[in-house]
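A.B. asks: Just need the structure, nothing else, for what follows:
(2 chains)
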Amino acid sequence: AQRVTQPEKLLSVFKGAPVELKCNYSYSGSPELFWYVQYSRQRLQLLLRHISRESIKGFTADLNKGETSFHLKKPFAQEEDSAMYYCALRYPNFGNEKLTFGTGTRLTIIP
Amino acid sequence: KAGVTQTPRYLIKTRGQQVTLSCSPISGHRSVSWYQQTPGQGLQFLFEYFSETQRNKGNFPGRFSGRQFSNSRSEMNVSTLELGDSALYLCASSLTSGASSPLHFGNGTRLTVT
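C.D. replies: This is a model prediction of the structure:
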């Protein structure tokens, strides 16, 4: 079964320091991976997805099939980055295209 | 464009009762998915509807059911409520039912079962 693991429930980083939120998945093949973010009192929203290869709010994420990882990174943390982050994956064309979420990492940026 | 709207925002029910939650997707979106969010289990997939048909179903008992109407609005029903059903229920819509179509979430309905 497909599984997403976010090993850190809580992560605190000083403002200006680099951020890395870890995400590992189980399954071989070519999944589609996403990062969703939930800021305080806001709804869950898409941050980025690997097929877009984009940088959103300074965040990037690279799919590493060898290590089955999709870590989220930002070189310099900002206070507004404090939020709950969820890694999610979906396997297209398997007849089971549900989005599976990790348990999330709460990121706190220390001023 | 209006976002995904879920009603009601809060519900309090007692064990054994049933409950119906409603979700209005973003205009033009034809796929609606439902998730249960709890502190212990995180976000768990319930089911997905596309064009009034259930396409996928998660590992929840038959007490959890849903449907989608011709205008893409969706309802979720939970019968014979149990204490463990207390959770935030999130609805998400997407343009199509497919891996490349990102989900847009509503604010959720917080259900408390006493």
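A.B. asks: What residues of the strand or helix carrying residue A:88 count as buried?
C.D. replies: Per DSSP states H and E: residue A:88 is located in strand A:83-90. The neighbour-count check on strand A:83-90 (16 or more other Cβ atoms under 10 Å in any protein chain shown) flags A:83, A:85-90 as buried. C-betas here are computed from N, CA, C, even on glycine.
A.B. asks: Stretch B:32-44 now?
C.D. replies: Those would be B:32-37, B:42-44, for stretch B:32-44 by 16+ other Cβ under 10 Å.
A.B. asks: Widest-spaced pair of these?
C.D. replies: Using Cβ to Cβ, the pair of those lying farthest apart is B:32 and B:42, separated by 20.2 Å.
A.B. asks: shaky segments in chain B?
C.D. replies: Where chain B drops to pLDDT under 70, the residues are B:1, B:97-100.
A.B. asks: Contact distance from chain A - what residues of it qualify?
C.D. replies: Within chain B, the residues that sit near chain A (Cβ under 8 Å from any Cβ of the partner chain) are B:3-4, B:33, B:35, B:41-45, B:48, B:55-56, B:58, B:90, B:92, B:97-100, B:102-108.
A.B. asks: Now for residue A:43, how many residues are close by?
C.D. replies: 16 (other Cβ atoms under 10 Å in any protein chain shown).
A.B. asks: Look at it and tell me its secondary structure.
C.D. replies: coil (DSSP: H, G, I helix; E, B strand; the rest coil).
A.B. asks: Surely it and residue B:3 touch.
C.D. replies: Yes. Applying Cβ atoms under 8 Å, one finds residue A:43 in contact with residue B:3, separated by 7.3 Å.
A.B. asks: Leaving out chain neighbours, which residue sits closest to the residue most central in space within chain B?
C.D. replies: Centroid check for chain B by Cα atoms, centre = their mean gives residue B:34 as the closest residue, at 3.2 Å. Excluding the flanking residues, the one nearest residue B:34 by Cβ to Cβ, 6 or more residues apart in numbering or on different chains is residue B:46, at 4.1 Å.
A.B. asks: isn't the one you found right up against residue B:65?
C.D. replies: No. Counting by Cβ under 8 Å, residue B:46 does not reach residue B:65; the two are 9.5 Å apart.
A.B. asks: Give me the common contacts of those two.
C.D. replies: residue B:76 (Cβ atoms under 8 Å, 6 or more residues apart in numbering or on different chains).
A.B. asks: Outside of stretch B:48-55 itself, list whatever touches it.
C.D. replies: Here stretch B:48-55 has contacts from A:97-98, B:30-34, B:47, B:56-57, B:66-70, B:74, B:96-97, using Cβ under 8 Å, 6+ apart.
A.B. asks: go with 6 Å
C.D. replies: B:30-33, B:47, B:56, B:68, B:74, B:97 (Cβ atoms under 6 Å, 6 or more residues apart in numbering or on different chains).
A.B. asks: Tabulate those (CSV), appending secondary structure.
C.D. replies: Shown next, in CSV, are these (three-state DSSP):
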residue, secondary structure
B:30, coil
B:31, strand
B:32, strand
B:33, strand
B:47, strand
B:56, strand
B:68, strand
B:74, strand
B:97, coil
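A.B. asks: Most neighbours among those, please name it.
C.D. replies: residue B:32 (30 neighbours).
A.B. asks: what sits against the closest residue to that one other than its chain neighbours?
C.D. replies: With Cβ to Cβ, 6+ apart as the criterion, residue B:32 has its nearest non-adjacent residue at 4.0 Å, and that residue is residue B:74. Residues counted as contacts of residue B:74 (Cβ under 6 Å, 6+ apart) are B:23, B:32, B:49, B:68.
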